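Undergrad: What would the 3D arrangement of this be:
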Amino acid sequence: MVDHTQDLTIVWDPTTYSGADFVTVQLYPAPLEWFNTSAVLCRVPALAGHATIPAALLAFYQPSASATLSLSIARKPGTAALFTVGLSDGTAIRSVFQYHSLEVILVQLF
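TA: Prediction:
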């Protein structure tokens with residue numbers, strides 16, 4: 001349950017993230033309608049450990065409305081590091097590692 005008259009703060013453990021990581025928090029109505037959608041999007045450095053959606057933005061949602069809250073973690077574009085993978089035949093290939101994590105939660109506003 002989310003009180004639409006109070007700021008909504010989402011907290012995570014920032015200790016495993018670097019300055020190249022960011023968290024995106026999104027809140028959008030459920031069910032999602034392409035022609036009538038208002039959504040909140042907030043992107044913060046993962047090292048911050050929290051993001052807050054102000055009550056002024058939550059006020060656009062009606063009490064008893066359902067919404068989807070999503071949190072995703074990824075690296076900033078252009079910050080992926082290249083590395084070399086040695087192959088069994090003695091050659092090597094250049095590689096890059098990218099990741100993205102997403103958690104989606106259905107919430108009820110009151």
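Undergrad: List the buried residues of the lowest-mean-pLDDT helix or strand in the chain.
TA: Sorted by mean pLDDT, DSSP states H and E, the helices and strands of the chain end with strand 100-108, the least confident at a mean of 76. By neighbour count on 16 or more other Cβ atoms under 10 Å, the buried set for strand 100-108 is residue 107. From N, CA and C alone the C-beta is placed, and that goes for glycine too.
Undergrad: where does that strand sit relative to the chain's centre, distance-wise?
TA: For strand 100-108, the distance from its own C-alpha centre to the chain's C-alpha centre is 8 Å (Cα atoms, centre = their mean, to the nearest Å).
Undergrad: and what of stretch 14-23?
TA: Centre to centre, stretch against its chain (Cα atoms, centre = their mean), the figure for stretch 14-23 is 12 Å.
Undergrad: Then stretch 76-90?
TA: 26 Å.
Undergrad: same check, this time on stretch 6-14
TA: Put simply, stretch 6-14 sits 12 Å off its chain's centre (Cα atoms, centre = their mean).
Undergrad: and it, which residues are buried?
TA: Buried residues in stretch 6-14 (16+ other Cβ under 10 Å): 8, 10, 12.
Undergrad: avg pLDDT for that stretch?
TA: On average, the pLDDT along stretch 6-14 is 92.
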